[in-house]
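Enquirer: Sequence isn't available, so here's the structure alone:
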């Protein structure tokens with residue numbers, strides 16, 4: 001499970017030193033965004049120096065660096081990017097403690113890999129077919145506040161569909177992807193009168 005560290009509310013008793021076991025005093029993120037080896041944190045942990053929403057919030061990456069919240073809302077809400085969520089088999093479950101700490105209404109989306117266990121948990125007992133898993137032109141984004149999955153065709157961000165968790169089946173998602181992937185024809189008709 002990811003841990004949420006609020007370094008504004010608790011700047012002196014959040015993150016411990018691995019060597020001394022004492023709490024570290026962290027008033028700002030490191031300038032180079034590299035996580036010191038002494039910090040007792042792990043990939044996926046969320047560190048916040050934010051005084052308003054999640055504008056100064058960072059994720060611990062697999063490379064032990066800090067990745068700033070990409071905030072796809074543009075309004076200071078947390079976006080858990082695919083580069084972080086894909087590190088875990090069940091991203092929504094892995095970040096549930098973060099959602100509880102900051103409130104689901106402060107999280108705009110969790111970007112998901114098509115292999116995430118979220119899809120099996122909510123839509124089917126089976127994963128996506130391999131032909132869909134291998135596609136790199138589709139993005140999946142889960143809104144935990146409204147409990148909606150957005151499926152977006154990367155080649156055209158206006159081509160998307162949302163799927164409520166409580167009424168959607170895996171077949172509904174697959175059918176939409178297949179229809180959205182079909183070639184479209186555009187006709188220009190000119191009349192000479």
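Expert: Alright, I've got the coordinates. This structure is a prediction, so every number in the text was calculated from the model and none was measured. Numbering: from 1, shown residues only.
Enquirer: what are the ranges of the helices in the chain?
Expert: Ranges of helices in the chain, per DSSP state H, are 82-85, 91-94, 96-102, 117-123, 130-133, 170-181.
Enquirer: Need the ones you listed in CSV (columns: mean pLDDT and mean neighbour count).
Expert: No exception for glycine: its C-beta is placed from N, CA and C like everyone else's. Shown next, in CSV, are these (pLDDT from 0 to 100; neighbours: other Cβ atoms under 10 Å):
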stretch, mean pLDDT, mean neighbour count
helix 82-85, 97, 21
helix 91-94, 96, 19
helix 96-102, 94, 17
helix 117-123, 93, 18
helix 130-133, 94, 12
helix 170-181, 92, 15
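Enquirer: nearest to residue 9, of these?
Expert: Minimum separation from residue 9 across the helices of the chain (Cβ to Cβ) falls at helix 96-102, 10.5 Å.
Enquirer: is it possible to export the helices of the chain to JSON lines including distance to residue 44?
Expert: Output for the helices of the chain, formatted as JSON lines (distance: least, Cβ to Cβ, whole Å):
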{"stretch": "helix 82-85", "distance to residue 44": "6"}
{"stretch": "helix 91-94", "distance to residue 44": "6"}
{"stretch": "helix 96-102", "distance to residue 44": "9"}
{"stretch": "helix 117-123", "distance to residue 44": "15"}
{"stretch": "helix 130-133", "distance to residue 44": "22"}
{"stretch": "helix 170-181", "distance to residue 44": "26"}
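Enquirer: out of the ones you listed, which comes closest to residue 73?
Expert: helix 96-102 (13.9 Å).
Enquirer: count of neighbours near residue 33?
Expert: The number of residues packed near residue 33 is 12, by other Cβ atoms under 10 Å.
Enquirer: My understanding was that it contacts residue 61; is that so?
Expert: No - counting by Cβ atoms under 8 Å, residue 61 is not a contact partner of residue 33; they are 9.3 Å apart.
Enquirer: intersection of neighbour lists for the two?
Expert: Common contact partners of residue 33 and residue 61 (Cβ atoms under 8 Å, 6 or more residues apart in numbering): residue 67.
Enquirer: For residue 14, find the nearest of the helices of the chain.
Expert: helix 96-102 (11.6 Å).
Enquirer: Contacts for that closest one, please.
Expert: 1, 2, 3, 4, 6, 46, 48, 54, 78, 80, 107, 144.
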